[in-house]
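> Structure for this input, please:
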Amino acid sequence: MGENKHIEELDAFAKKYIQEIEEEQPSLDFTSNLMNILAKEENVALYKATPLISKKAWGILLSILTISIFYVSKGASLSWVKMPKIKFDYFTKFQNFNFLEGITISNTVLYTCFFFTLMIFVQIYYLKNHFTRNLNM
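You can find the predicted model right below:
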């Protein structure tokens, strides 16, 4: 019961306060002024996308990959790294391993899959540019 009395008091106070407030009329160019202010604020607070991996980090990764490929291609082995020998002969023991042998795909289906994959990459490129352009206005 005490809560209801408190709510009624707040309600009466709010009604009295609202009646005392004068009505204001906005100016004729209120909307355009507001949109100009919002446009200025949006330009200031733009979201700038930054890559997860910087160009310097990509360069380091590429150099490590290139060095490792050249090192392995020369046939050199590291004496301080002992790699365990893994036998993959258990794959040949499966009888049903060649279940994809009987499937044939026509050239038309192959070209269609290639074309759709290409179109997906093109769409990703254009959508990325579209959203980057719209977010950076």
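> What does the pLDDT read for residue 2?
Residue 2 carries a pLDDT value of 62.
> Repeat that for residue 115.
With respect to pLDDT, residue 115 scores 94.
> Secondary structure element holding it?
Residue 115 is part of helix 107-135, with elements assigned from DSSP states H and E.
> Quick one: distance of that helix to the chain centre.
16 Å (C-alpha atoms, centre = their mean, to the nearest Å).
> packing partners for that helix?
Counting contacts by 3 or more C-beta pairs under 8 Å, 6 or more residues apart in numbering; DSSP states H and E, helix 107-135 packs against no other helix or strand. (C-beta placed from N, C-alpha, C; glycine too.)
> Which positions in that helix come out as buried?
Of the residues in helix 107-135, none count as buried by neighbour count, 16 or more other C-beta atoms under 10 Å.
> and residue 22, what does it touch?
Counting by C-beta atoms under 8 Å, 6 or more residues apart in numbering, residue 22 touches no other residue.
> Now do the SS call for it.
coil (DSSP: H, G, I helix; E, B strand; the rest coil).
> Return the list of helices and strands in contact with the helix or strand encompassing residue 35.
For residue 35, the enclosing helix or strand under DSSP H and E is helix 30-44. Helix 30-44 sits against no helix or strand, with contacts defined as 3+ C-beta pairs under 8 Å, 6+ apart.
> For that helix, what does the pLDDT average out to?
On average, the pLDDT along helix 30-44 is 80.
> how about the CA coordinates for that helix, as PDB?
This file holds the C-alpha atoms of helix 30-44, laid out as PDB (Å, rounded to 0.1, in the frame of the first residue of the first chain):
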ATOM      1  CA  PHE A  30      14.700  23.400 -37.200                       C
ATOM      2  CA  THR A  31      15.000  20.200 -39.200                       C
ATOM      3  CA  SER A  32      17.600  21.500 -41.500                       C
ATOM      4  CA  ASN A  33      19.600  23.000 -38.600                       C
ATOM      5  CA  LEU A  34      19.400  19.700 -36.800                       C
ATOM      6  CA  MET A  35      20.500  17.700 -39.900                       C
ATOM      7  CA  ASN A  36      23.500  20.100 -40.400                       C
ATOM      8  CA  ILE A  37      24.600  19.500 -36.800                       C
ATOM      9  CA  LEU A  38      24.200  15.800 -37.200                       C
ATOM     10  CA  ALA A  39      26.200  15.700 -40.400                       C
ATOM     11  CA  LYS A  40      29.000  17.600 -38.800                       C
ATOM     12  CA  GLU A  41      29.100  15.300 -35.800                       C
ATOM     13  CA  GLU A  42      29.000  12.200 -38.000                       C
ATOM     14  CA  ASN A  43      32.000  13.400 -40.000                       C
ATOM     15  CA  VAL A  44      33.900  13.900 -36.700                       C
END
